[in-house]
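S.K.: My questions concern the predicted model and sequence given below.
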2 protein chains.
Amino acid sequence: MVAPPGRKPGRRPGPTETRPAILAAARELFAGKGYDGASIRAIARAAEVDPALIHHFYGNKEGLFIAAMEFPFDPTQIIPQVLTGGPREEIGERLVRIFLAVWGQGDFRSRALAVIRSAATSEQGATLLREFLTSALLGRVAEALEVPRLRILVGIAQMVGVVIMRYVLEIEPIASASDEELVELLAPTLQRYLGE
Amino acid sequence: MVAPPGRKPGRRPGPTETRPAILAAARELFAGKGYDGASIRAIARAAEVDPALIHHFYGNKEGLFIAAMEFPFDPTQIIPQVLTGGPREEIGERLVRIFLAVWGQGDFRSRALAVIRSAATSEQGATLLREFLTSALLGRVAEALEVPRLRILVGIAQMVGVVIMRYVLEIEPIASASDEELVELLAPTLQRYLGE
DNA sequence: GTCTATATGATGATAGAC
DNA sequence: GTCTATCATCATATAGAC
């Protein structure tokens, strides 16, 4: 910062780009360190913005988190696609393929990672993830597929485990395995859990 | 604290029980909130001990964490038990059974949960878990069983996922499923990954 | 061994000037 | 919209009295 009299207060010219900048920085830091680990000040620093602005826009830290976590697409649309997008004998493969494709999108991945990291250390984070998995996922799948909930959960556990090994711990060779390799290994497992 | 003159400094009578009390409280809080989330003060409060004592005994927070995490048994003994404790066609079942039995022990579970929770939000926590999984587990198994590392990792992912659903998120019905139910579902999966 | 007192710094949040 | 200043709270860690 070498601007002689310091940056002046007051609205800056041009279209407002500071909100998206804040959200992007928030997603990155929440994804990397979880809810507690990412401080408002650090987020403000990353977005090159004053910390007070974040309070001004989003009220408090939780408001910021919620705004930053908003899903980039509707999860109620992608689930039927898996369940009824083809023959039942291929549901395992279809599920693994779509799952990996969704996680391949950076905007989804950063949000989901933030939720997972937060779930590990804060009770409200755990509740958020638990309710998503049970209501949005387990509930819907159990309703559409006549399969015991325990089988579905074990299948979800397999995919959650893969995500953690791949994106949280970044263990090789699973971190840089191709989607195709993973489909080959995982599809039969999911098929066994969810096929009739 | 109503003791009229306040509790006096100086060594208390009787055998020293404050170290184990500190370690027990540390394990409980680390397991519940991870490394960052569990403060030395909170641990001291839970152990009914002065925070300065913890520094006196263990130097700093990391020293306390290491002391509290020390494994209650030798992991290099249990792995051969799984690998060579019976016929290869039953390795999946053997693995799931022993895995669930170990996690059933509270002293193991609290330590392992603390490591998992810490891995989600701190880089050194992630390194700790990563090195355990790769060196102590993946390495040994890959050496003894002629199976591609990716297959082993996908199997580890399945079990890690189950633990997270069961003990971190506590989702029903997997949280209160019997070991036997889980063996029935998981053993064939692990057998497929690790069987020859 | 046990405790008090304190150094030092980060955090979330608010009030108010420009 | 943007910023400074500040409050209250919490953290880890240390020095030293008893």
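M.R.: On my side now, so go ahead.
S.K.: Tell me how far A:Leu190 lies from A:Gly92.
M.R.: Going from A:Leu190 to A:Gly92 by C-beta to C-beta, to the nearest Å gives 4 Å. C-betas here are computed from N, CA, C, even on glycine.
S.K.: Those two: which has the busier surroundings?
M.R.: A:Leu190 (24 against 21; other C-beta atoms under 10 Å in any protein chain shown).
S.K.: from what I can see that one touches A:Glu90, true?
M.R.: No - with contact defined as C-beta atoms under 8 Å, A:Leu190 does not reach A:Glu90; the gap is 10.4 Å.
S.K.: middle-most residue in chain A, spatially?
M.R.: With distances taken as C-alpha atoms, centre = their mean, the residue of chain A nearest its centroid is A:Ala112 (1.1 Å).
S.K.: Identify the residue spatially nearest to that residue, adjacent ones excluded.
M.R.: A:Trp103 (7.2 Å; C-beta to C-beta, 6 or more residues apart in numbering or on different chains).
S.K.: Can you list phi and psi of that neighbour for me?
M.R.: Here is the backbone geometry of A:Trp103 (degrees, to the nearest 10): phi -70, psi -20.
S.K.: Roughly how far does it sit from B:Glu70?
M.R.: Counting by C-beta to C-beta - A:Trp103 and B:Glu70 are separated by 36 Å.
S.K.: ok, these two, which is more surrounded?
M.R.: A:Trp103 (18 against 8).
S.K.: picking up where we left off before, for the residue nearest to A:Ala112, give me its contacts.
M.R.: A:Arg109, A:Ala112, A:Val163, A:Tyr167 (C-beta atoms under 8 Å, 6 or more residues apart in numbering or on different chains).
S.K.: ok, the last one - contacts?
M.R.: With contacts defined as C-beta under 8 Å, 6+ apart, the neighbours of A:Tyr167 are A:Trp103, A:Arg109, A:Leu113, A:Ala175.
S.K.: now those residues in JSON lines, with pLDDT and secondary structure?
M.R.: Output for the contacts of A:Tyr167, formatted as JSON lines (pLDDT from 0 to 100; DSSP: H, G, I helix; E, B strand; the rest coil):
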{"residue": "A:Trp103", "pLDDT": "97", "secondary structure": "helix"}
{"residue": "A:Arg109", "pLDDT": "97", "secondary structure": "helix"}
{"residue": "A:Leu113", "pLDDT": "98", "secondary structure": "helix"}
{"residue": "A:Ala175", "pLDDT": "98", "secondary structure": "coil"}
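S.K.: any residues touching the lowest-mean-pLDDT helix or strand in chain A, and which ones?
M.R.: Counting by mean pLDDT, DSSP states H and E, chain A has its least confident helix or strand at helix A:75-84, which shows a mean of 90. For helix A:75-84, the external contacting residues (C-beta under 8 Å, 6+ apart) are A:Ile91, A:Arg94, A:Leu95, A:Ile98, A:Val102, A:Ala136, A:Leu137, A:Arg140, A:Val141, A:Ala144, A:Leu145.
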